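**Q** Quick one, what's the 3D model for this:
(one chain, ligands or ions: 1)
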Amino acid sequence: MSDTTEKDILRGGQFLVKETKCEDVFTLEDLNEEQKMMRESTKEFVDRELWAHWERFEKKDYAYTEECMRKAGELGLLSIAVPEAYGGMGMGFVSTMLVCDYISGATGSFSTAFGAHTGIGTMPITLYGTEEQKQKYVPKLATGEWFGAYCLTEPGAGSDANSGKTKAVLSEDGKYYSITGQKMWISNAGFCNMFIVFARIEDDKNITGFIVENDSENGISFGEEEKKLGIHSSSTRQVFFNDTKVPVENMLSERGNGFKIAMNALNVGRIKLAAACLEAQRRVVNEATKYANERIQFKTPIMNFGAIKAKIADMATNAYVDESACYRAAKNIEDRIAIREASGNSHQEAELKGVEEYAIECSILKVAVSEHVQHTTDEGIQVFGGMGFSADTPMESAWRDARISRIYEGTNEINRMLSVGMLVKKAMKGHVDLLGPATAVGEELMGIPSFETPDFSELLAEEKDLIARLKKVFLMVAGSAVQKFGPDLEKHQMLLMAASDILIQIYMAESTILRTEKNAKRFGEEAQATQIAMSKLYLYRAVDIIQQKAKEGIVSFAEGDEQRMMLMGLKRFTKYTNQPNVVELRTQIADKVAADNGYTFD
Ligand SMILES: Cc1cc2nc3c(=O)[nH]c(=O)nc-3n(C[C@H](O)[C@H](O)[C@H](O)COP(=O)(O)OP(=O)(O)OC[C@H]3O[C@@H](n4cnc5c(N)ncnc54)[C@H](O)[C@@H]3O)c2cc1C
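**A** Numbering: from 1, shown residues only. Below is the predicted model:
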């Protein structure tokens, strides 16, 4: 249990308006011995069972995925998040993230199977199930005796998940529901024993969740395995329910609560998906580095070329940034759960509310990390040159496997809109005070700027000052947009996308700088030299993106003097006093990664 108190940790979304001290962020360097051991055993499992048989996953050996899932169950890897009362290890949120992270190193096929089972396939029962439902199903799911799948998507209901046509009709004797409908894109469908199914009762506004056992005698049939771009051994099939009888006691939570269950399961799914793109990235950096160190062209290892160094530096930086942000949010969630439990909430309730609190951060991470892994695998192919295009090297499959992360668990467009939408809602409910800081920024814009030379002599002082100013950019752009459009803001999607990109960059850059600052204080600046360079490089890139997105937004809705004032504000808020030498930073990072022959910052 954590000894953090309510006042010590920020509410979800508050990072934008409050300063976080570096001592208050959790970093990978804070893992305890037990967590480190768990990380090692997960890595060993990946090397032994997954990485060593990587071709089998590419050859669509679905049976091997299932076999590996069983082995993961034997090792206890499926039960990390499951409470002890139901046969699990009941470990904290950070530990559950760790396993999702390190299990992703070899193949997206396995991490998808793992995530669909432990996350969306099991979590709805542990979070919303009755005591009887949990006793009946969760222990089997925790050991891997049974596998779960999650049936939300339908041919006509994807992003618009609440619009599904699958029906649940109560029998005359009131003992069971009869479910009829078509679900598609169902991960683990080929080998699961149980589904979480969402269906509509009568003309209810919202869908309802059910636990449905897989039984071919009960009107359940499957489409063929989908022919997919990537994650070749992740079983993905359509599932047809035809008058499938489900006892009334298998309803999850209450009638009409399905959409809420689906969304809350997705909050957890999103941050875990981000975690599941971390080791995937590190391994790509490792492989690309090894290759670049060995591949000779023009009589020199290609690693010596600046063009390659720039790629390696950016790839390693993305991985470091993503780790920093993922574990920061994971610990916030873990602490929030502990606080809620201490104040009398059941574990179930505490976990639900704890994750929901950080739904904004979950969406931010899902988008940022899924886009980084895509970029990293793409550059990985480029480092390998022609060999990267060959299915005989793991770059090709890593690139294809990475692509799905931008689509499932809510597309990145939906998550971008959600991140800003949820923040505005929180502000309206009074949970995050955006109005006060936004008004202050407005006043600052009208005032005369200070011409004093700031003191940036302390480590990362200028970077932290910039982060504080980037937050003002968001408040300036989003605040004016809310004022201008009010509730109609949601119709201005291009603006929302731009605002969300600003928000994402702020969270990712701030998390990285805070991690590095914390580590520099305890391990010394010299030991953190490369991490300092990565923090500076990422911030530089973030400032670039923010300038571009903010300008796009401002010009779209402000005119004349207002536009000029905001553009001047943007310039002021994104100004460096000491321009970082990005060429030097990239060289420094790449040289360290090359010398270590891989990524050594986790
Ligand atoms: C390999 C794989 C595994 C999957 N596993 C599962 C699973 O186990 N269980 C499950 O239930 N589902 C699963 N899915 C489904 C997945 O969650 C959906 O594909 C996803 O939610 C997107 O829905 P869609 O495919 O219908 O796309 P659509 O919703 O049709 O979206 C198409 C495009 O339009 C955009 N768009 C849609 N609505 C809006 C809007 N309001 N504003 C702006 N842009 C919008 C989207 O961002 C996207 O770019 C899986 C999908 C795949 C491919």
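**Q** can you tell me how far whatever residue of the stretch 101-250 of the chain ends up closest to the ligand sits from V373?
**A** Relative to the ligand, the nearest point of the stretch 101-250 of the chain is G158 (1.6 Å; CB to the nearest ligand atom). To be clear about C-beta, it is placed using only N, CA and C from the backbone, and glycine gets the same treatment. Relative to V373, G158 is positioned 22 Å away (CB to CB, to the nearest Å).
**Q** Same question for A168.
**A** Distance, A168 to V373, by CB to CB: 37 Å.
**Q** On the C-terminal side of the helix or strand encompassing M476, identify the next helix or strand.
**A** For M476, the host element (DSSP states H and E) is helix 461-485. Sequence-wise, the next helix or strand downstream of helix 461-485 (DSSP H and E) is helix 493-523.
**Q** Quick one, grab the pLDDT at the residue lying closest to S159 once chain neighbours are set aside.
**A** Counting by CB to CB, 6 or more residues apart in numbering, I414 is the residue found nearest to S159 once chain neighbours are left out, at 5.2 Å. Confidence at I414, expressed as pLDDT, is 98.
**Q** Next: the one 3 residues further on.
**A** Per-residue confidence for M417 comes out at a pLDDT of 97.
**Q** Run through the residues of this protein sitting next to the ligand.
**A** Applying CB under 6 Å from any ligand atom, we find that the chain lies next to the ligand at 116, 150-153, 158-159, 185-187, 228, 231, 236, 404, 407-408, 411, 413-414, 493.
**Q** run the last query once more with 5 Å
**A** Proximity of the chain to the ligand, by CB under 5 Å from any ligand atom, involves residues 116, 150, 152-153, 158-159, 185-187, 236, 408, 411, 413.
**Q** Which ones among those map onto helices?
**A** Filtering the residues of the chain next to the ligand for membership in helices, criterion DSSP state H, returns E413.
**Q** The residues of the chain next to the ligand, buried ones only, as a ChimeraX selection?
**A** Buried members of those, defined by 16 or more other CB atoms under 10 Å, are picked up in ChimeraX with:
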select :116,150,152,153,158,185,186,187,236,408,411,413
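**Q** Output the residues of the chain next to the ligand as CSV; include the columns distance to G524.
**A** Listed next are these as CSV, based on distance: CB to CB, whole Å:
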residue, distance to G524
A116, 43
Y150, 46
L152, 49
T153, 50
G158, 50
S159, 48
W185, 49
I186, 51
S187, 45
T236, 48
Y408, 42
T411, 43
E413, 43
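**Q** State the pLDDT value of the closest residue to A325 other than its chain neighbours.
**A** Leaving aside its chain neighbours, A325 sits nearest to S511 (3.9 Å; criterion: CB to CB, 6+ apart). Looking at S511, its pLDDT reads 98.
**Q** gap between S511 and L28?
**A** Per CB to CB, S511 is found 12 Å from L28.
**Q** What of W185?
**A** Counting by CB to CB, the gap from W185 to L28 is 33 Å.
**Q** before we move on, what about Y176?
**A** Taken as CB to CB, the span from Y176 to L28 is 48 Å.
**Q** now G92
**A** For G92, the distance to L28 - CB to CB - is 15 Å.
**Q** S511 and L28: who's more crowded?
**A** It is S511, of S511 and L28, that has more neighbours when counted by other CB atoms under 10 Å, with 28 against 21.
**Q** which residues touch that one?
**A** The contact partners of S511, taken as CB atoms under 8 Å, 6 or more residues apart in numbering, are 25, 321, 324-325, 328-329.
**Q** at 7 Å instead, please
**A** Going by CB atoms under 7 Å, 6 or more residues apart in numbering, S511 touches 25, 324-325, 328.
**Q** same check, this time on A199
**A** A199 makes contact with 166-168, 179, 181, 207-208, 210, according to CB under 7 Å, 6+ apart.
**Q** and if you look at K43?
**A** Contacts for K43 (CB under 7 Å, 6+ apart) come out as Y102.
**Q** got it, and T20?
**A** 10, 514.
**Q** which phi and psi does it have?
**A** For T20, the backbone dihedrals (degrees, to the nearest 10) come out as phi -110, psi 130.
**Q** Pipe the contacts of A199 into CSV and attach secondary structure and distance to Q588 per row.
**A** Below are these laid out as CSV (DSSP: H, G, I helix; E, B strand; the rest coil; distance: CB to CB, whole Å):
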residue, secondary structure, distance to Q588
T166, coil, 55
K167, strand, 61
A168, strand, 60
I179, strand, 59
G181, strand, 57
I207, coil, 53
T208, strand, 56
F210, strand, 56
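**Q** Tell me where the longest helix sits in the chain.
**A** helix 306-342.
**Q** right, and the helix or strand after it?
**A** Taking DSSP H and E, what comes next after helix 306-342 is helix 347-357.
**Q** That following helix versus helix 306-342: what angle between them?
**A** 140 degrees (axes from the mean of the first three to the mean of the last three CA atoms, to 10 degrees).
**Q** helices and strands around helix 347-357, which ones?
**A** Counting contacts by 3 or more CB pairs under 7 Å, 6 or more residues apart in numbering; DSSP states H and E, helix 347-357 packs against helix 123-128, helix 258-275, helix 306-342.
**Q** any chance of those in a markdown table, with mean pLDDT and mean neighbour count too?
**A** Output for the helices and strands packed on helix 347-357, formatted as a markdown table (pLDDT from 0 to 100; neighbours: other CB atoms under 10 Å):
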| stretch | mean pLDDT | mean neighbour count |
| --- | --- | --- |
| helix 123-128 | 94 | 24 |
| helix 258-275 | 94 | 25 |
| helix 306-342 | 97 | 24 |
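**Q** Packing partners of the helix holding M476?
**A** Contacts defined by 3+ CB pairs under 7 Å, 6+ apart place helix 461-485 against helix 435-446, helix 493-523, helix 529-557, helix 560-573.
**Q** Make JSON lines from the ones you listed and add distance to V17 to it.
**A** Formatted as JSON lines, these follow (distance: least, CB to CB, whole Å):
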{"stretch": "helix 435-446", "distance to V17": "5"}
{"stretch": "helix 493-523", "distance to V17": "11"}
{"stretch": "helix 529-557", "distance to V17": "17"}
{"stretch": "helix 560-573", "distance to V17": "15"}
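**Q** Worst mean pLDDT among these?
**A** Of all those, helix 435-446 carries the lowest average pLDDT, namely a mean of 91.
**Q** That one vs helix 560-573, what angle?
**A** Helix 435-446 and helix 560-573 are oriented at 100 degrees to each other (the same axes, to 10 degrees).
**Q** Compute the inter-axis angle for helix 435-446 and helix 461-485.
**A** 100 degrees.
**Q** buried set for helix 435-446?
**A** Buried positions in helix 435-446, judged by neighbour count with 16+ other CB under 10 Å: 435, 437-438, 441-442, 444-445.
**Q** Out of these, which is nearest to N242?
**A** Nearest to N242, judged by CB to CB, of the buried residues of helix 435-446 is L435 at 52.9 Å.
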